[in-house]
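[1] Here's a sequence, model it:
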Amino acid sequence: MLLSLQAGPRADAAPSFITKLGYSAGNWGKSVVWTSFESFMLFYLVSIADLSPLVAGGLLAAAMAWDAIVDVGIAWWADRHGRAHVLGRLILFGAPLCGLGFWAIFALQAPLAVGLAIVLCRIGYSLCDIGHNTLLVRVARTEADASTVSGLRLIFSALGAGLVASMSGWSLAIGDRAGQHSAFATGALVGGLLYIGTLFGSVAVTRHLPPVRTDGGGPRPGRFAALWRHRTYRRVLTLAFIQAGMVPLFIRALPFFGQMVHGQASWAGPALVTITLAQSLSLPGWIALSRWRGPPVLGAIAHGVLIAAIIGLGIRSDGVAGSLMLVLLGCAQAGMNMALWALLTMAIRGSIQGGSAAEALPVGLFLAALKGAAGAAHFGFTLIVAATGPQCGGCADGTGTLLPMSAILVPALGSILCIALLVRWPSRADA
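    The predicted structure is shown next:
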């Protein structure tokens, strides 16, 4: 086998910084795929691959819904076959599927072939997502570790998003469609290889870590109900659903927003670069703040910053003022995502300490909430694109306001709902 999955002699030792760093680097490759689907995939399918908005949006929504179902099933299976290395094997099997499928989405041209490539990519992504995200519970053993590792993961996620921003901006700036298609295929090849390499690396550095649970029991039907009765975990699921469904709409709309408001879809590239650069540079500050105040306070502050940024972008999205609002948006996203993953980690540890034998199932349900919300949001956004017009004709002169207004108002409303949840967060992880 390419990577040895035998546990090392220091399985009970606290994870080193190198382990935390190598594990977190897996987010670099994952972010390339996730950001591509979240930020410009719909635009690519509609404007370059020539799929109708409803077909493209329906395909993406169905892929996310399938992801959500598969995540729960894989997590259930992983807990029932809870050997120490089952998570690593999920990654080793899923990473090549996702990497190959991701490249094929942009390399192929036939609509049916593109659809099958999306399915292949999402299946591989689900396998890796369960494996990699569940390993977080093994790597982060304390609340301080949870915030630190979440911050490191987000730094690598920002690097991946920055790569996507650079490649997509360069591709969209090309004048002819054939050149755009070729550029996207080249970028997807780099992204697919990065995905495989970073995920394999995360398996290599965590192979010695034992599962958190030690009772040997897999999940039983009552475990779903037991998890839902866990107050903190239930709130984490609710927060994840809102934060993944409503808050990222501006990011999903970037190419369309650029074409409608600024007259060029390529505006999305520099905008996404600015956002991701602000994310990565602000993370040390969020990590330091997390040592002083807990994740709920961190998340509430971040969502407050996002509301200010998104309203500012609604007023002015160009020039120095627009760039400043994009920076604030990136800072806010870093803080709220870091808080969410830290809250998840401590909620899972609280449920395990409360007697749950499930390690992967809570992560599977969490990812199902994320992807179910994202799928519903993708389809809702598709309806807006279809109503506006897939090529945004006439939008540059200000006649198309539905999509820009939605891209501003929906994230602001989502952040208001998230703040309402966070300010009433239970004071104990096992509440």
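[2] need the strands for the stretch 151-300 of the chain, in chain order.
    Counting by DSSP state E, counting those that start in this stretch, the stretch 151-300 of the chain forms no strands at all.
[3] Any stretches of it with poor pLDDT?
    Applying pLDDT under 70 to the stretch 151-300 of the chain flags residues 211-226.
[4] where exactly do the helices run in it?
    Assigned by DSSP state H, counting those that start in this stretch, the helices in the stretch 151-300 of the chain fall at 177-206, 222-229, 231-245, 249-252, 254-261, 268-292, 295-315.
[5] Columns distance to L409 and mean neighbour count on top of those, output as a markdown table?
    All C-beta spots, glycine's among them, are computed from the backbone N, C-alpha and C. Shown next, in a markdown table, are these (distance: least, Cβ to Cβ, whole Å; neighbours: other Cβ atoms under 10 Å):
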| stretch | distance to L409 | mean neighbour count |
| --- | --- | --- |
| helix 177-206 | 31 | 20 |
| helix 222-229 | 31 | 14 |
| helix 231-245 | 14 | 21 |
| helix 249-252 | 9 | 24 |
| helix 254-261 | 13 | 25 |
| helix 268-292 | 19 | 20 |
| helix 295-315 | 8 | 21 |
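[6] Those: which one's closest to V32?
    helix 177-206 (4.0 Å; Cβ to Cβ).
[7] need the helices for the stretch 301-431 of the chain, in chain order.
    So, for the stretch 301-431 of the chain - with DSSP H, counting those that start in this stretch - the helices run 319-353, 361-388, 402-422.
[8] okay if I get the ones you listed as CSV plus distance to S36, mean pLDDT and mean neighbour count?
    What follows is the helices of the stretch 301-431 of the chain, written out as CSV (distance: least, Cβ to Cβ, whole Å; pLDDT from 0 to 100; neighbours: other Cβ atoms under 10 Å):
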stretch, distance to S36, mean pLDDT, mean neighbour count
helix 319-353, 16, 87, 23
helix 361-388, 13, 86, 22
helix 402-422, 18, 94, 20
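[9] now these in TSV, with distance to A268?
    TSV is the format used below for those (distance: least, Cβ to Cβ, whole Å):
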stretch	distance to A268
helix 319-353	11
helix 361-388	14
helix 402-422	12
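[10] Tell me which of these lies nearest to L163.
    Closest to L163 of the helices of the stretch 301-431 of the chain is helix 319-353 (Cβ to Cβ; 15.2 Å).
[11] which other helices and strands contact the closest one?
    helix 111-139, helix 143-172, helix 231-245, helix 268-292, helix 295-315, helix 361-388, helix 402-422 (3 or more Cβ pairs under 8 Å, 6 or more residues apart in numbering; DSSP states H and E).
[12] mind checking which of these is nearest V205?
    So among those, helix 111-139 is nearest, using Cβ to Cβ, at 9.2 Å.
[13] who wins for proximity to F200 among the helices of the stretch 301-431 of the chain?
    With Cβ to Cβ as the criterion, F200 lies closest to helix 361-388 of these, at 20.0 Å.
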